[in-house]
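Q: A structural model of the following input is requested.
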Amino acid sequence: MSKKKEVAEPDNHVSGQANNPISRHAHCLTHDEVVLQMKGNAENGLTAAEAKARFEEYGPNEIGDEGGVQPFKILVRQVANAMTLVLILATYALTGSDAVGRFLGVNIGTPLQKKLSRLAILLFWIAVVCAIIVLAANKFSDEQEVIIYAVATGLSMIPASLIVVLTITMAAGTKRMVKRHVIVRNLRSLEALGAVTDICSDKTGTLTQGKMVVKRMWIPAKGTYSIGQSNNPFDPTDGEISHSQQPPKDINFGDEEKSEDIAPQEALEKSSALQSYMWIASLANLATVHQNDSGEWTARGDPTEIAIQVLSSRFNWNRERFTAGQSPTWKQIAEFPFDSDVKKMSVIFEEVKSGAKHVFTKGAVERVISSCESLYTSDEMSDAVPMTDEIRSDILENMEALASLGLRVLALAGREYEDEIDMKGKDIPDRADVEQNLVFSGLIGLYDPPRVESAPSVAQCHKAGIKVHMLTGDHPGTARAIAMDVGILPARMNELSKDVTDAMVMTAHDFDKLSDDEIDKLPVLPLVVARCAPNTKVRMIEALHRRKKFAAMTGDGVNDSPSLKRADVGIAMGQAGSDVAKDASDIILTDDNFASIINAIEEGRRMFDNIQKFILHVLAENIAQAFTLLIGLAFKDSRGLSVFPLAPVEVLWIIMITSGMPDMGLGFEVAQPGIMSRPPQSLKRGVFTIEVMIDMVVYGVWTAALCLSSFVLVLYGFGDGDIGNDCNNSYADANGVADCDTVFRARATCFACLTWFALFLAWEMVDMRRSFFCMQPGSKKYFTQWAIDVWRNQFLFWAIIAGFVTIFPTLYIPVINHVVFKHAAITWEWGIVFVEAILFFAGIEGWKFAKRVYLRHHAEKSIDMDVNMGQAVCADSRE
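A: Predicted structure coming up:
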């Protein structure tokens, strides 16, 4: 037995113990005392050097050698429970049809795997029919060779490698997706991604960078503050602050001359209204912003709260200044976290010196001002002005002005809290009572710049026939501005009719109050939904499904799990996403980037194409073998029994050896040029499109015709036409006379042709429409491009080379050729094989050319119809 690796441990080390005990149990100490006695750093954690030093001092943190819990005992305790036994029996109490379905694979696995399992069952019955045809053609003779012929014909219809190649292709696809920042949790989504027609995406952190910075703040009693450009969003010392006494609605933000730069701390000392604003910004906030030992500014928390905390730090009003240390000046009493229904977040703080308690609230502007009863309009803050509908309208106008700049706008409010609170947390006040009668303090505008790659990715979606919907909690003005920036909304919206533009941008309130019938009557589903709630996302998915769309939905919060489950493809965020959202999703984006969704869709389409390619390759070969053997029934010897043009071992060799590896190589093919310039696939039809089924028959029949012609040429064209006697079993008769030599050479020629055609067809399937000799549109390498394309997929290249090489031992090694494969070595017959190979390429290329001509003509016809329809619409609109 191998010994466990020894790890040097200090003397007197007790496994699993710190070996430097603290004064009391950790739960009996305060947070600061634990940090102090453990010599930790609550802000920055341990450096790599400190961690290494502690490991060397204390040794590894491992469980001791005492006996653990035995798995067998756990199992016995579990099954000893009567309810557990009932559940186990209920789980496995399957009906007869369920059991059969599971055995055949038609009700387990991904949709494509189920479909292929049903195909395999269909092909099995076709194989049975083919075997019966063989027996009938030989008058149901019980001769061994007739039965073997029947079995071989049946085997020719069985796609033996199909499910194996599909599984390997999907496994390889998941590995490729990891490199493109996508983790696949459900194999079903691999098939679904290629069919996505609509993407419902969050804004913050997905379409945008998730690195918010405060750009504007408005205080009714003071005016508007603007924060200049900053190179580091966490550094409060970077960027100038300017002030204008006008409200945002009256400011031309492009004119920088009307605002003056200020010194933040000096301005704060002179303004009570600004101080009141900063108390809310700093304390209604769970983020931390600080400088580490190396002088670098770092932050932890929600991006929105980090940005607001950075603003507070600009005025030296950082939360840590008032709440940290042994003697904090403010102490948090209660917290009401952000809720997507109320769209607010509140805290209750107590000022330690005076004992006065205050409520500090931030949230969506409409929700906060509805909870406010007053505001201060002068810096003295002597008398509060009652909140009226006119003032609320004025606040909303200023919010619209900030939102039109693409800013996310929040409102800040607060008040004194006079009710008593049980400090032990047994009597938490009602949230609705706390968040009422507030005093409005001001607005804050945060900018989350769009990711550089978002606009190109959205444009790529439109090119690929995919609509992008942005569902965000932001204000409609903010959402509209960002949607215009990244291209979700069309640039020429002013040219569209009013009912269309109104439907394109809606609030969740307006969308949710519509009935399902009213939503279905909308000219278009909203491309932007602002102030979005979790239920709104579910209704959007349902609306898309009623329009027969295939939808992907992104989400990161706990409340997003219903929409992620309801979507055809649920996409969770790997960095900002909750565990609940990840568990409910089909795929996870490790970088939270919208561009990664496009990567996933491209990979989904690539896999869909490759699955089509190897399915077409496998089934075309099956048809070719079946046709060759069925038509070959016409070749009968002197006894009236059919002589097969392909021996059973040859059939198995082509199915299992020759084709298996090239099929796998087709699964590794890169994406075709223009894969994201075509509409999504239809999952209703799946991989078995009309084109695939016609190609399958055409390629199979053409291959069979060439194989049979090679057999006939050797047997009748260049041979004496003597089929001999018992040529299905032996090369020579009992006297050693090789009377079946011609049949065996004809069979070897047919086998060589079919082997070559199977290998060449794999290369032809790299692109199902473009010529093998010009698969890259626009390439100027007219004579060498095919060689570059062949070498690009080296797995496929070497699989085909191996197929070419392995045919020679079967033809030329004695005993193997005559006894096992029932064919003989060939010489001049290779000339027929080469000519047949040229004809094979000519036929495949001719068929592809005919398809391209037809599809080009069909596309031009569709364009003409669209143009005529557009002219008719324009004429109607002018009338």
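
Q: is it true that residue 159 touches residue 117?
A: No. Using C-beta atoms under 8 Å, residue 159 is not in contact with residue 117; the gap is 11.3 Å. For glycine as for every other residue, the C-beta is placed from the backbone atoms N, C-alpha and C.

Q: contacts only, for residue 435.
A: Applying C-beta atoms under 8 Å, 6 or more residues apart in numbering, we find residue 435 in contact with 336, 342, 344, 346, 359, 361, 371.

Q: which one of those sits closest to residue 700?
A: Taking C-beta to C-beta as the measure, residue 342 is the one of these closest to residue 700, at 64.8 Å.

Q: so residue 671 belongs to a strand, correct?
A: No. The assignment for residue 671 (DSSP: H, G, I helix; E, B strand; the rest coil) gives coil, which keeps it out of a strand.

Q: verify the stated contact: it with residue 608.
A: No. Taking C-beta under 8 Å as the definition, residue 671 is not a contact partner of residue 608, at 10.5 Å.

Q: the two: who's more crowded?
A: With neighbours defined as other C-beta atoms under 10 Å, residue 671 and residue 608 compare such that residue 608 has more, 24 against 14.

Q: the more buried one and residue 193: what is the separation?
A: Separation of residue 608 from residue 193 (C-beta to C-beta, to the nearest Å): 8 Å.

Q: one more: residue 169?
A: When distance is defined by C-beta to C-beta, residue 169 is 14 Å away from residue 193.

Q: how about residue 858?
A: From residue 858 to residue 193 the distance is 27 Å (C-beta to C-beta).

Q: give me the more crowded residue out of the two.
A: Neighbours were tallied for residue 858 and for residue 193 using other C-beta under 10 Å; the higher tally belongs to residue 193 (32 against 10).

Q: which residues are in contact with the residue lying closest to that one once chain neighbours are set aside?
A: For residue 193, ignoring the flanking residues on the chain, the nearest one in space by C-beta to C-beta, 6 or more residues apart in numbering is residue 604 at 2.6 Å. With contacts taken as C-beta under 8 Å, 6+ apart, residue 604 has the following neighbours: 189-196.

Q: would you mind giving those as a markdown table with pLDDT added?
A: Conversion of the contacts of residue 604 to a markdown table gives the following (pLDDT from 0 to 100):
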| residue | pLDDT |
| --- | --- |
| 189 | 82 |
| 190 | 80 |
| 191 | 78 |
| 192 | 83 |
| 193 | 87 |
| 194 | 85 |
| 195 | 87 |
| 196 | 91 |
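
Q: pLDDT score for residue 432?
A: Per-residue confidence at residue 432 stands at 89 (pLDDT).

Q: which residues does the helix or strand containing it contact?
A: Counting by DSSP states H and E, the secondary-structure element that holds residue 432 is helix 431-434. Applying C-beta under 8 Å, 6+ apart, the contact partners of helix 431-434 are 334, 336, 342, 346, 348, 359, 417, 419.

Q: for the helix or strand just after it, buried residues please.
A: Read in the C-terminal direction, the helix or strand following helix 431-434 is strand 438-447, with elements assigned using DSSP H and E. The neighbour-count check on strand 438-447 (16 or more other C-beta atoms under 10 Å) flags 438-447 as buried.

Q: which one of these is nearest residue 179?
A: When the buried residues of strand 438-447 are compared for distance to residue 179 (C-beta to C-beta), residue 447 comes out closest, at 32.2 Å.

Q: surely that closest one touches residue 409?
A: No. In this structure, residue 447 sits apart from residue 409 without contact. The criterion is C-beta under 8 Å, and the distance is 10.5 Å.

Q: ok, now which ones touch residue 457?
A: The contact partners of residue 457, by C-beta under 8 Å, 6+ apart, come to 594-595, 597-598.

Q: among these, which one sits closest to residue 321?
A: Closest approach to residue 321 among the contacts of residue 457 (C-beta to C-beta): residue 594, at 37.6 Å.

Q: how far away is that closest one from residue 313?
A: Residue 594 is 30 Å from residue 313, by C-beta to C-beta.

Q: which of the two has more neighbours?
A: The residue with more neighbours, out of residue 594 and residue 313, is residue 594; 29 against 24, by other C-beta under 10 Å.

Q: contacting residues around the more buried one?
A: When contacts are taken as C-beta under 8 Å, 6+ apart, residue 594 is in contact with 201, 206-207, 451, 453-454, 457-458.

Q: before we move on, back to that, tell me which two of the contacts of helix 431-434 sit farthest apart.
A: Set against one another by C-beta to C-beta, these have their most distant pair in 342 and 419, with a gap of 19.5 Å.

Q: who's more crowded, those two?
A: Under the criterion of other C-beta under 10 Å, the comparison of residue 342 against residue 419 puts residue 342 first, with 16 against 10.

Q: mind pulling up the phi and psi values for the more buried one?
A: The main-chain torsion angles of residue 342 are listed as degrees, to the nearest 10 and equal phi -90, psi -20.

Q: run through the chain and note the low-pLDDT ranges.
A: For the chain, applying pLDDT under 70 flags the ranges 1-20, 43-44, 61-113, 254-259, 423-427, 734, 736, 861-879.

Q: quick revisit: which ones among the contacts of helix 431-434 map onto strands?
A: Residues of the contacts of helix 431-434 located in strands (DSSP state E): 334, 336, 346, 348, 359, 417.

Q: and those residues, which is closest to residue 833?
A: Minimum separation from residue 833 among these (C-beta to C-beta) is found for residue 336, which lies at 81.2 Å.

Q: what's that closest one in contact with, if anything?
A: Counting by C-beta under 8 Å, 6+ apart, residue 336 makes contact with 344-347, 431, 434-435.

Q: apply 7 Å and report the result again.
A: Residue 336 makes contact with 345-346, 431, 434, according to C-beta atoms under 7 Å, 6 or more residues apart in numbering.

Q: kindly report the same for residue 447.
A: Each residue near residue 447 by C-beta under 7 Å, 6+ apart is listed here: 212-213, 215, 406-407.

Q: that one pairs with what?
A: Taking DSSP bridges as the rule, residue 447 bridges to residue 213.

Q: distance check, it against residue 137.
A: 79 Å.

Q: over to residue 830?
A: In this structure, residue 830 and residue 137 are 32 Å apart, going by C-beta to C-beta.

Q: isn't residue 268 right next to residue 313, touching?
A: No. The pair residue 268 and residue 313 does not pass the contact test of C-beta atoms under 7 Å, sitting 12.0 Å apart.

Q: all helices for the stretch 301-450 of the chain, in order.
A: Secondary structure of the stretch 301-450 of the chain (DSSP state H, counting those that start in this stretch): helices located at 303-314, 319-323, 365-370, 389-403, 431-434.

Q: and residue 215, which of the three is it?
A: strand.

Q: list the contacts for it?
A: When the contact criterion is C-beta under 7 Å, 6+ apart, the partners of residue 215 are 226-227, 407, 445-447.

Q: would you mind measuring from the closest residue to it other than its chain neighbours to residue 212?
A: Among residues not flanking residue 215 along the chain, residue 447 sits closest, at 4.5 Å (C-beta to C-beta, 6+ apart). When C-beta to C-beta is applied, the distance between residue 447 and residue 212 equals 7 Å.

Q: now swap in residue 406 and tell me
A: Separation of residue 406 from residue 212 (C-beta to C-beta) stands at 12 Å.

Q: please apply the same query to residue 281.
A: Counting by C-beta to C-beta, the gap from residue 281 to residue 212 is 13 Å.
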